[in-house]
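S.K.: no sequence on hand, only this structure:
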């Protein structure tokens, strides 16, 4: 799947081109494989815009950037054999040829392949370092996370519970909110579609918010800023409510709460913690193994042609947990 045009606002079907080409054979020091799973992430929308960011934009005519799990079919690389599974940024394509740079061999006997794109992949790393390092979480604090039923938010809340905190999740719809409290162990959930988020936050955070982990931006961020406790930390992970804007991103009008509460607001990019991924993955795997962290995945089965429509599920709020396209 190639990017055919720069989208304005929502991504349209005509912004994509499905190109076909003969499958390349791997040369010396390279391997070939078939794509099994493709990761779909809100950050993809930002990669389509031609503007400065933490990564260069996807170029027009280029294969869409995406993390994926590939099963090796042919190899002239000493470190990879047919049948091996590897995870890396291989893009939205059915057939991959790689020299192995940036690829990580995974054990699908220890966890499903898709989990290496979710709880044991970038979303898990993002939740772990965003909450524990950027958020500087301490036992007994009150944590609020927006986009709480998504890939990152669902893990943030569970890690906060493991660390002995009170956790309030913000999500869209009664079904997602019930999932947070009944299955994932959140102390409370706020349905932003159902009423006054500011009032609900007052009720659920009587002593204020110590750590607010933001995945959505916009009005929800603004509401959370009114409830900050003294020395609170606001972690800026994403702003999915703003990604399809055709006008400039709306900034928080309640930012002076940071001054009054002596709080800080900090953005981060998970790639900055790459040298510590193994540390996080080991601890997260332990929590999954002992049942303290539950993996939520939304797997859509289809082909590369289904990528554009599956991506839109993120921005319609249709996924629960990590959204993955499984290629048939």
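M.R.: Good, I have the coordinates. What you see is a predicted model, and the numbers here were worked out from it, not measured in a lab. Numbers count the residues shown, from 1 in each chain.

S.K.: use CA for all of it now, contacts and neighbours both
M.R.: OK.

S.K.: show the contacting residues for the residue nearest to the spatial centre of the chain.
M.R.: With distances taken as Cα atoms, centre = their mean, residue 123 lies nearest the centre of the chain, 4.2 Å away. Residues near residue 123 by Cα atoms under 8 Å, 6 or more residues apart in numbering: 117, 151-152, 155, 322.

S.K.: can you check residue 11 too?
M.R.: Residue 11 touches 244, 312, counting by Cα under 8 Å, 6+ apart.

S.K.: for residue 318, see how far away it is.
M.R.: 16 Å (Cα to Cα, to the nearest Å).

S.K.: cool, residue 47 as well?
M.R.: Residue 47 is 21 Å from residue 318, by Cα to Cα.

S.K.: rebuild the contacts of residue 123 as JSON lines, extending it with pLDDT.
M.R.: Listed next are the contacts of residue 123 as JSON lines, based on pLDDT from 0 to 100:
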{"residue": "117", "pLDDT": "98"}
{"residue": "151", "pLDDT": "96"}
{"residue": "152", "pLDDT": "97"}
{"residue": "155", "pLDDT": "98"}
{"residue": "322", "pLDDT": "97"}
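
S.K.: now, which of these sits nearest residue 30?
M.R.: Residue 30 has its nearest neighbour among these in residue 117, at 22.7 Å by Cα to Cα.

S.K.: what's the closest non-adjacent residue to that closest one?
M.R.: Spatial nearest neighbour of residue 117, chain neighbours left out: residue 39 (6.1 Å); criterion: Cα to Cα, 6 or more residues apart in numbering.

S.K.: next up, the contacts around residue 142.
M.R.: If you count contacts by Cα under 8 Å, 6+ apart, then residue 142 has 165-168, 205, 208-211 around it.

S.K.: partner residues bridging residue 16?
M.R.: Per DSSP bridges, the residues bridged to residue 16 are residue 3.

S.K.: begin at 32 from here
M.R.: That works, and once the first residue is 32, the last one we named lands at residue 47.
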